[in-house]
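1. Sequence plus predicted model, see below.
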Amino acid sequence: MNIVVDKLLKSDPAYIYAPVDGKMTALEDFADPLFAEGVLGPGIVIEPEEGMIYAPFMGEVTSVSESKNAIGLKCFSGVEVLIHIGVDTVRMKGEGFQVIAEKGKKIRTGDVLITFDPEAISEAGLVNSIVMVVPNAAKFDGIVMMSQLGENVKHGERLMKIPSLDK
């Protein structure tokens, strides 16, 4: 088994792993004020290198948007994550998106959750940045970033730490 796959099969409830390959940028700079202002919780933005969203931890799919551009997840430790693809991509009405993991599905770190077509998003005149926020971070006394803004991350790498779960 290669190192990347071996890492993906392991999951530590104190960590949230990168859901996509790409360059990490600040949530505050994101074009959607709902996310940028932290209304939905702290998080990060990743400029994707590919059109695949991977599970950032072991848990369950709690919701999938009708437009297939967002997915809600809950880790077995109780940490919740919302992953949203793009800005205003709801206008695409699911075109260019394929949901692999439906609501209620148990997931493992590294499972493919959604595939999307970055070119279709660009052709629609929209931004394809990936946003990942932790809506219930306050319940866990916040999160700590494990990577620096501007760094490239690969799916399956430790991205955020939940200090109160680190034992």
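-> Done, it's in.
2. pretty sure A55 is in contact with R108, am I right?
-> Yes - assessed by C-beta atoms under 8 Å, A55 is found in contact with R108 at 6.4 Å. Where C-beta positions appear, they are placed from N, C-alpha and C, glycine not excepted.
3. For L34, the count of nearby residues, please.
-> Neighbours of L34 under the rule other C-beta atoms under 10 Å: 12.
4. Now do the helices in the protein.
-> Using DSSP state H, the helices of the chain run over 3-9, 33-36, 118-123.
5. So A55 and R108 - more neighbours on which side?
-> A55 (30 against 14).
6. Worst mean pLDDT among the helices of the chain?
-> Comparing mean pLDDT across the helices of the chain, the weakest is helix 3-9, with a mean of 42.
7. Next one: the spatially closest residue to V81 that is not a sequence neighbour from M52, what distance?
-> Leaving aside its sequence neighbours, V81 sits nearest to L73 (C-beta to C-beta, 6 or more residues apart in numbering; 4.7 Å). As judged by C-beta to C-beta, to the nearest Å, L73 and M52 stand 15 Å apart.
8. So which of these two has more stuff around it?
-> L73 (25 against 16).
9. isn't that one right up against P56?
-> Yes - L73 lies in contact with P56 (C-beta under 8 Å); the separation is 7.2 Å.
10. Find residues that contact each of these two.
-> 81, 83 (C-beta atoms under 8 Å, 6 or more residues apart in numbering).
11. Model confidence for L165, exactly?
-> At L165, pLDDT is 71.
12. ok, how many other residues are close to it?
-> Around L165 there are 16 residues (other C-beta under 10 Å).
13. Pull up the gap between it and D141, please.
-> Noted for L165: a distance of 10 Å to D141, by C-beta to C-beta.
14. Look up how far F140 lies from the residue nearest to P135 when sequence neighbours are not counted.
-> Closest residue to P135 apart from its sequence neighbours, by C-beta to C-beta, 6+ apart: G41 at 4.1 Å. From G41 across to F140, the span is 11 Å (C-beta to C-beta).
15. Tell me the confidence at the residue nearest to P135?
-> 91.
16. shouldn't it be in contact with K139?
-> No - G41 is not in contact with K139 according to C-beta under 8 Å; the separation is 10.3 Å.
17. out of these two, which sits in the busier spot?
-> Legend: neighbour count by other C-beta under 10 Å for G41 and K139, higher for G41 (19 against 13).
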